[in-house]
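Trainee: Next comes the sequence, and after it the predicted model I'd like to discuss.
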Amino acid sequence: MGAMSRKRRKLMHVEVKLDDNEVDNGDGMITSRYFPSKKITGTLSATEQDNYVSCVDIGAIKIMSSDEYFDRMDRITNDDPKQWDRPLSKETVSQLQNNEGVPGNFLSIFSRVRKMRSQMLATPVDTMGCPRIPLLVSKQFGISRSQVRPVDYRLQLLISLILASQTKDETVTKAMHNIMSYCFDDLKDPLGISLSSLSRVPRSILEQLIKPTGFYKRKALYIEQTVHKLEESFDGDVPKTISGMTSLSGVGPKIGYLALQKSWGLVDGICVDVHVHRLCRLWKWVDPQICHTAEQTRVSVEKWLPRELWYDFNTILVGFGQIICGPKIRRCDICLANKVCNASSARW
């Protein structure tokens, strides 16, 4: 497999329309036919959060077949942009309109961005990304989705996320391919990358296999330490809590929350990457004077964003930030939110 390179994407034309169930009031607010019913405040209590987490049956997930597992994860973490063509639910709109902590421009901007994402051509986050890499690499070695053990997928996803720090998805795919090839050809493991095979890869060899990624020596150490901790402290599987995830070397909140979502279907926090952090600061959904890091932005947004939007929030904003509102190029001319957004006059 040769080296991969990222081609510069051409700017695309995107036509976005409001549907019959949505109304532009002329004040920058797109509303549905739903209206607020009562005031709500704050976020979920600790007890409510525990109850939310407990609705995911980890025990049942661990004994699922491959097809059952991947079908369930696809349902829980649905990344199909077409779903965002539907208006937000009555309950969600009510929460956003009545919670005093919600930024005044949030619903007007988010509704438009959400609508655009439903009608745009696929963005990089829709077609690539670490959650897709394990199955892609497995397929290159003749292993179908039905043959990938869920426990191995969860491990491979975690390793991909560790490798992805400051590294393009194409390069992560190459590195994972190299590791898989070594496990097959040198270690003779028919499963490819598993906890057993990865624990037998010397760090010096691992460094060479992942050398295309940035900071490969540090990442090789992280992977080695993570493998040992999974064996010793987590019964040979990835953790099921954010505290467990972030106890692993090279795993911060962003990686941890994404791993929980894609491994177990646990949406316990918002994944905030550079795009989400940048756009939230730009639109003043967080205080730019206070939220200097992605983690600070996550904590701030979670205080007012309804929990049912936590998963989609990342994918919607990342795709929008990749194609329409980038760090260097903004396509305000085709953006449905251009009349309600402060970006046209903002300095980045």
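Mentor: Yep, that arrived. Numbering: from 1, shown residues only.
Trainee: Please determine how far the closest residue to residue 135 other than its chain neighbours is located from residue 65.
Mentor: Distances taken as Cβ to Cβ, 6 or more residues apart in numbering put residue 145 closest to residue 135, at 5.7 Å, once the chain neighbours are dropped. For the C-beta atoms, the positions are set from N, CA and C on the backbone; glycine is no exception. Remark: distance between residue 145 and residue 65 (Cβ to Cβ, to the nearest Å) = 11 Å.
Trainee: Of those two, which one has the most company?
Mentor: Legend: neighbour count by other Cβ atoms under 10 Å for residue 145 and residue 65, higher for residue 145 (15 against 11).
Trainee: What values do phi and psi take at the more buried one?
Mentor: Main-chain torsions, residue 145, degrees, to the nearest 10: phi -60, psi -40.
Trainee: my guess is it meets residue 67, correct?
Mentor: Yes - Residue 145 lies in contact with residue 67 (Cβ atoms under 8 Å); the separation is 7.4 Å.
Trainee: one step back: pLDDT score assigned to the residue nearest to residue 135?
Mentor: The score at residue 145 is 96. That number is its pLDDT.
Trainee: now do the one 10 residues further on
Mentor: Per-residue pLDDT puts residue 155 at 99.
Trainee: Also the one 10 residues further on?
Mentor: According to the predicted model, the pLDDT of residue 165 comes to 90.
Trainee: How many residues are close by it?
Mentor: Neighbours of residue 165 (other Cβ under 10 Å): 18.
Trainee: cool, residue 293 as well?
Mentor: Using other Cβ under 10 Å, residue 293 is surrounded by 10 other residues.
Trainee: dump the residue contacts of it.
Mentor: residue 277 (Cβ atoms under 8 Å, 6 or more residues apart in numbering).
Trainee: What's the separation between it and residue 273?
Mentor: 12 Å.
Trainee: same question, residue 139
Mentor: Between residue 139 and residue 273 the distance is 26 Å, computed by Cβ to Cβ.
Trainee: Phi first, then psi, for residue 283.
Mentor: The phi/psi pair for residue 283 (degrees, to the nearest 10) is phi -90, psi 0.
Trainee: all strands for this structure, in order.
Mentor: All strands of the chain, identified by DSSP state E, fall at 23-24, 30-31.
Trainee: and the closest residue to residue 255 other than its chain neighbours, what does it touch?
Mentor: In space, and not counting its chain neighbours, residue 255 is closest to residue 161: 4.6 Å by Cβ to Cβ, 6+ apart. By Cβ under 8 Å, 6+ apart, the contact set of residue 161 is 130, 251, 255, 258, 259.
Trainee: Most neighbours among the residues you listed, please name it.
Mentor: Highest neighbour count within those, by other Cβ under 10 Å: residue 259, with 26 neighbours.
Trainee: now that one: how far from residue 180?
Mentor: Residue 259 sits 19 Å away from residue 180, going by Cβ to Cβ.
Trainee: again with residue 299
Mentor: Taken as Cβ to Cβ, the span from residue 299 to residue 180 is 37 Å.
Trainee: and those two? which has more neighbours close in?
Mentor: Between residue 299 and residue 180, counted using other Cβ under 10 Å, the more crowded position is residue 180 (23 against 16).
Trainee: count of residues packed around the residue nearest to the more buried one when sequence neighbours are not counted?
Mentor: Closest residue to residue 180 apart from its sequence neighbours, by Cβ to Cβ, 6+ apart: residue 192 at 4.7 Å. If you count neighbours by other Cβ under 10 Å, residue 192 ends up with 25.
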